[in-house]
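Please find the sequence and the predicted model below.
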Amino acid sequence: MKQKQLPHVQDDWQGYTMDEMMYQKAFLLARMEVSKAKLVNRVSEFKTGFPGVSSGSIWSKVLNGFSYVDYAVLAFKLSGKIVRLVRAIRR
């Protein structure tokens, strides 16, 4: 199966035109918006499927107060602790 060769690795490539750059930018922005929408959808599904997160519970108030950055930091810290725990168990 022949892999598609990118234009910027070809020897005779002269560069992108303005129209091509604008198309690439628009395509990238559209992909980013779709990814954001998927992330928001997954987070909302997670919140509704999380036990104890009803509209008036304390967990609901705590989780609704978090921003995406807070979730990312929390996930990073938890993953570090889990990795350390797994390493300790393996030794």
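Thanks, I have it. Numbering: from 1, shown residues only.

most remote residue from this structure's center?
With distances taken as C-alpha atoms, centre = their mean, the residue sitting farthest from the centre of the chain turns out to be Asp12, at 36.4 Å.

Next up, the contacts around it.
Residues near Asp12 by C-beta atoms under 8 Å, 6 or more residues apart in numbering: none. For the C-beta atoms, the positions are set from N, CA and C on the backbone; glycine is no exception.

any weak-confidence spans in this protein?
1-2, 49-57, 59-61 (pLDDT under 70).

quick one: the helices in it?
Per DSSP state H, the chain carries helices over the ranges 18-49, 58-65, 68-90.

Would you mind getting the angle between the last one and helix 18-49?
Put plainly, it is helix 68-90. Helix 68-90 runs at 70 degrees relative to helix 18-49, counting by axes from the mean of the first three to the mean of the last three C-alpha atoms, to 10 degrees.

Can you add mean neighbour count and distance to Lys4 and give the helices of the chain back as TSV?
Rendered in TSV, the data for the helices of the chain read as follows (neighbours: other C-beta atoms under 10 Å; distance: least, C-beta to C-beta, whole Å):
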stretch	mean neighbour count	distance to Lys4
helix 18-49	10	15
helix 58-65	12	44
helix 68-90	10	34
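
Gln5: which of those is closest?
helix 18-49 (16.0 Å; C-beta to C-beta).

hmm, back to that, what are the phi and psi values at the residue farthest from the centre of the chain?
Asp12 adopts backbone torsions of phi -100, psi 20, taken as degrees, to the nearest 10.

So which residue is dead centre in this structure?
So for the chain, C-alpha atoms, centre = their mean, it's Leu39, sitting 6.5 Å from the centre.
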